[in-house]
Every structure is written in C-alpha cells, then in structure tokens.
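A.B. asks: Just to be clear, the model below is a prediction. Sequence and coordinates:
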Amino acid sequence: MPAKIKSLPSAVVFDFDGTLADTFNDAVKLYNRLAPVYGYKPVTEKELPHARNLTLKQFIREYDIPRMKIPSMVREGRRIFGKRMGEIQPIAGMPEVLRELRPQVEVLGILTSNAKANVRAFLEKEDLAFFDFISTTTKLGGKAKNLKAIMKTFTLKPEEIIFIGDECRDLKAAAKAEVLAVGVSWGFNVRNVLVKQSPATVVDRPNELLSWLREK
C-alpha cells in the first residue's frame, strides 16, 4: 500500500504534451512541417537547445509566428497528431505515478492544447482512462482561464489545486490563476527557464513528483 499523501490539495491537473505524453520530437517535426504553410521560421536541430530556453512570447517573436494564425495552427496540429496517437508513448515512469496518485486525490484532470479525442485515445491505449476531466484550449496562452473554470466547476479554491506542466506558459497560467505550479524538466522548456517562473518546485523525474508531494 503506497504511503498516503496527507497534505495533497484536492485537485491535481496535468498538462499533456511533454508532461504525460512523450511528444517532444513529434511536436518539433510537426512544427517544422507547418512552418511553410503558416509562414514562420522552422527550428533547426542546431537551434533547438536555444529554443528550449525561450518563453512562449520570446519564441513567437524570434520565429516570426503570426499570432492571428495560432488558433488555426493548433487545430491543424491536433488533426495531424490525431493520426499518430497510437504511436505516442508515455513519459517513462509517469503511468506508475498516475496510478498511485489516482486514489489519493479527489479530482485528477488534464489541461491541454491538444484535442480531447487525441488525449482520450492515448489514455485508453495506456490503460490510464481514469481522469475526471480533460480541458482543452486552442489559445497557447489561455490556460489560466481554463484553470479558473475548473475551480468554478469543482467548487475549489486556488490553494486546493496543483497544475503540473513542462512549459513556461503552464507555470505562467498557474500564477495568473493563483494556483500552485510544479514544473517538469523532461518536456520542452529546460530546468533553468522553468525555475525563473518561480513555481513551487521543478522535478526531473516522475517519481520525484510523488516524493515532493509527500514531503510537502
């Protein structure tokens, strides 16, 4: 029997791409595939380490991404990703963490820019279809609004939620919604950039997440 996490807030919400699902390489390939269609600069292999050190705002500016086209880009990306969900693997060690966490929290959810159908297909494939909700947005900077809606839906206070993500925008959204943020360093943004967003902590391996929750 796993140790009970006594101080855990009522709700734990995860980002999906790069946090639960190992989509980093696929996302980079998809981004570059859409570059000539939407008129922005691709990310070369040489530039990738630098790109991972950028916030969303910096990335959009540096790669000349047209803001008005972002919702359309996200929708197209969802459609293309949907064809490959059967090949996407979970972050190593994350399924075990989720299964241990599930009975210990009242609300377990996912907040993502990906499509609900894609996420559901992944969860069913990995035998992880035990989340209470999947919340989605086509706005890259719109997760704060979703977090506030989640609090309203489940009658939760900001201090009763933890949002876990791999990008600066996830941590910024948590701060804007005034909920606790945890960064994971195995996704898009690297550790030092995540730390600059002042999350509660940044973890480097899935099992460290449970350890941190117990210690907290």
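C.D. replies: Received, thanks. What you are looking at is a predicted structure, and each value in this text was computed from that prediction instead of being measured.
A.B. asks: what about this structure, any weak spots by pLDDT?
C.D. replies: Per-residue confidence for the chain (pLDDT under 70) gives these ranges: 1-8, 216.
A.B. asks: Return the set of buried residues in the longest helix along it.
C.D. replies: Ranked by residue count under DSSP state H, the longest helix found in the chain is helix 24-38. Using 16 or more other C-beta atoms under 10 Å as the test for burial, helix 24-38 gives Phe24, Asp26, Ala27, Val28, Leu30, Tyr31, Leu34, Ala35. Yep, even glycine has a C-beta here, placed from its N, CA and C like the rest.
A.B. asks: need the contact list for Leu193.
C.D. replies: Residue 193: Val, not Leu. Contacts for Val193 (C-beta atoms under 8 Å, 6 or more residues apart in numbering) come out as Arg52, Asn53, Leu54, Thr55, Cys168.
A.B. asks: Over to Glu106?
C.D. replies: Glu106 sits next to Ser10, Ala11 when contact means C-beta under 8 Å, 6+ apart.
A.B. asks: Give me the helices and strands touching the helix or strand hosting Ala174, please.
C.D. replies: Element membership for Ala174 (DSSP states H and E) is helix 168-177. The contact analysis (3 or more C-beta pairs under 8 Å, 6 or more residues apart in numbering; DSSP states H and E) places helix 168-177 against helix 56-62, helix 143-153, strand 161-165, strand 180-184, helix 191-195.
A.B. asks: List the contacts of Asn53.
C.D. replies: Asn189, Val190, Asn192, Val193.
A.B. asks: Next: Met151.
C.D. replies: Neighbour list for Met151: Lys157, Pro158, Glu160, Ile161, Ala177, Val179 [criterion: C-beta under 8 Å, 6+ apart].
A.B. asks: Pull the number of nearby residues for the third one.
C.D. replies: The one in question is Glu160. The tally of other residues near Glu160 (other C-beta atoms under 10 Å) stands at 17.
A.B. asks: With that, I have no additional questions.
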